[in-house]
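Peer 1: Quick one, structure for this:
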Amino acid sequence: MNKTRQFIAPGAGGVHLRCPASDLDSARQSFLDELESLGLDPCVEINRMVDVNGEFVHFGLNESSLRDFGSDFDTTQLCQKLNLDTGGSPDDLEREILLAMLMGPVAFPFPTYDELVSAVRIRKNIVVAARKTALAFDTEEAERPAGDWNYSEARGFTLMPGRPLIESLRKATQPERSGKLYSFSCYRATEYVMLLGLAQELERCNPELSRRLQEQWETRAIMSGEFHDVFLHEYGTLNNPLPPRYYVPGDRVWFRNPDEHSSNVDGYEGSWVFYIGNGLFTNFWKRDQPFTLVTKCVELFHWRNATCRNGDGKLRIDEDIVEDRVRQSLQNPLEEGQILEKMLRLREPAGVYLNGGCVDATREYVCRVRPGTSEIVFPHKNSLHKVVE
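Peer 2: Numbering: from 1, shown residues only. Below is the predicted model:
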C-alpha cells in the first residue's frame, strides 16, 4: 500500500439526515422504524448533531458492530459475516446496502427521509439489473435493438417514437428480453444499467421527472462526462481516498490498468463495473462469472502479459492468454499474493505509471431524485454535439 495516502477518518461518515428542523424528528423515527423492521437497529448508534451546515441526525454503526465487522471498512465480507442471501432476498440486499452506508468513512447526506428511501431503491434496482446484464464487448461497434433505438452521430442512440425507456433499456442489456447480446463498451454499459435503475425509481416516485427523462432520450442521449455531471455523485478523492475494500452495492467502480503499454489497447485502459454485493463485481461479458476483488485484480494484471499485435499491426489483448494466466496465478498462492500486493494499491493520477495499482480512490452513485429535492437538471433540449459510441 502506498503509505503516503491517508484514508478518510473514521466517524466522519454514515447516514446523515439533514432535513428542516421541523422534520428532523419524524425523519429520524421513520429511518429507525425501517432499521428495526430489518433487524438492524441493535447495530446502529443515533446522534443529533450540529455542524457548520446546521443540525442533522447522524446514523452510524456502534462500536460493537464496528469491531464485529472490522475497522478497515471492508464491506466485501458483510454477507458472509451476517449470512445474508442478497441474491434470493430483497430484504437482505437492503440490509447489505444500509450496513455498508452506515459503516462508511464518508457521509451519505439526505435532505429528507424519502430521498434516502429512493437512494436505497435505486441501488437495489442497479444491482438487480446489473446481475441480469450480458453483453458483447466491442469498443469500435455498437448496436441496439432496431425496433427500439435509432442512432445518429449528433444525438447518439435515441428512442424510436412510442418506445418506453425502461423496457428499451432492458432489451438492450438483458438477452432474456431480446434473445441477443448487443455490443457495448463497459463504460456505456454502466450508463445503461444506472439509467435503468434511475428510470424505475422515477416512474415510482417522480412521474414528472420520469416523463422528462423519457423525452430526453427521445431527443438526445446523455453520455460520458455529461452523464456523470447530470446524474451522478462521486465520493472519495485522490487526496482522501476510499479504503480499497470499501464498496456499497450499486456503486459504479473504476479499476485502472496500471500498465502503460497494455493500457494503449482500446478498451483496456481500465474496467468499469458495478459492485453487486457479497464481495462480487459485474462481468458483463461472462455474466455467470462475476469477479471478486482478487480475480478482478489478477485479470487486470495479466493484460500486460497478453498484449500483442494483430495482422494489421494493431495492438490488442489476447483474452485466451489472459484467461490461462489468471487460472495459473489463482492456483499459485505465492504468485497471487505478489500480484495483489501490486494491484491493491491506489491508482496513480492520469498519465502516471510508476508504482500505483488498479484500485480507484472514488466510487459513483445516482444523485437525488425526489420532487422538491432532485438534483437532476437536463441540458437544453436543442443542444447537439458529436457523440462517440
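
Peer 1: what does the helix or strand that contains D25 rub up against?
Peer 2: Per DSSP states H and E: D25 is located in helix 21-37. Under the criterion CB atoms under 8 Å, 6 or more residues apart in numbering, residues 15, 17, 19, 41, 44, 46, 48, 54-57, 59, 98, 112-113, 116-117 lie in contact with helix 21-37. For the C-beta atoms, the positions are set from N, CA and C on the backbone; glycine is no exception.

Peer 1: Now that helix: buried residues?
Peer 2: Within helix 21-37, the residues that count as buried by 16 or more other CB atoms under 10 Å are L24, A27, R28, S30, F31, L32, E34, L35.

Peer 1: likewise stretch 237-246?
Peer 2: For stretch 237-246, burial by neighbour count (16+ other CB under 10 Å) applies to N240, P241, L242, P243, P244, R245, Y246.

Peer 1: how far away is C186 from R163?
Peer 2: The gap separating C186 from R163 is 25 Å, by CB to CB, to the nearest Å.

Peer 1: Look up phi and psi at the nearest residue to P290 once chain neighbours are set aside.
Peer 2: Closest residue in space to P290, ignoring its immediate chain neighbours: L280 at 4.2 Å, by CB to CB, 6 or more residues apart in numbering. Backbone torsions for L280, taken as degrees, to the nearest 10, come to phi -120, psi 150.

Peer 1: how close does L280 get to T295?
Peer 2: In terms of CB to CB, L280 sits 10 Å off from T295.

Peer 1: who's more crowded, those two?
Peer 2: L280 (25 against 18; other CB atoms under 10 Å).

Peer 1: who touches the more buried one in this structure?
Peer 2: L280 touches P290, F291, T292, counting by CB under 8 Å, 6+ apart.

Peer 1: Kindly state the pLDDT recorded for the closest residue in space to the second one that isn't next to it in sequence?
Peer 2: Take F291 and drop its neighbours on the chain: the residue closest to it by CB to CB, 6+ apart is F281, 4.4 Å away. In this prediction, F281 carries a pLDDT score of 98.

Peer 1: Return the set of residues that bridge with F281.
Peer 2: As for beta bridges, F281 partners with Y275, F291 under DSSP bridges.

Peer 1: I'd say it and C297 touch.
Peer 2: No - taking CB atoms under 8 Å as the definition, F281 is not a contact partner of C297, at 10.5 Å.

Peer 1: mind pulling up the phi and psi values for the closest residue to S65 other than its chain neighbours?
Peer 2: Nearest non-adjacent residue to S65, counting by CB to CB, 6+ apart: C43, 4.1 Å away. Backbone torsions of C43, given as degrees, to the nearest 10, read phi -90, psi -10.

Peer 1: For the closest residue to G270 other than its chain neighbours, give its distance to T295.
Peer 2: The shortest distance from G270 to any non-neighbouring residue, by CB to CB, 6+ apart, is to R256 (4.3 Å). When distance is defined by CB to CB, R256 is 16 Å away from T295.

Peer 1: Could you do R316 as well?
Peer 2: According to CB to CB, R316 stands 22 Å off from T295.

Peer 1: One more: R368?
Peer 2: Distance from R368 to T295, by CB to CB: 34 Å.

Peer 1: what does T190 give?
Peer 2: 19 Å.

Peer 1: on that earlier part again, is it possible to get the buried residues of helix 21-37 out as CSV so that each row also shows pLDDT?
Peer 2: Shown next, in CSV, are those (pLDDT from 0 to 100):
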residue, pLDDT
L24, 93
A27, 95
R28, 95
S30, 97
F31, 97
L32, 96
E34, 97
L35, 97
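
Peer 1: And those, which is closest to R144?
Peer 2: R144 lies nearest to E34 out of those, by CB to CB, at 37.9 Å.

Peer 1: List the residues that contact W272.
Peer 2: Neighbours of W272 in contact, by CB under 8 Å, 6+ apart: C186, Y187, A189, T190, R252, V253, W254.
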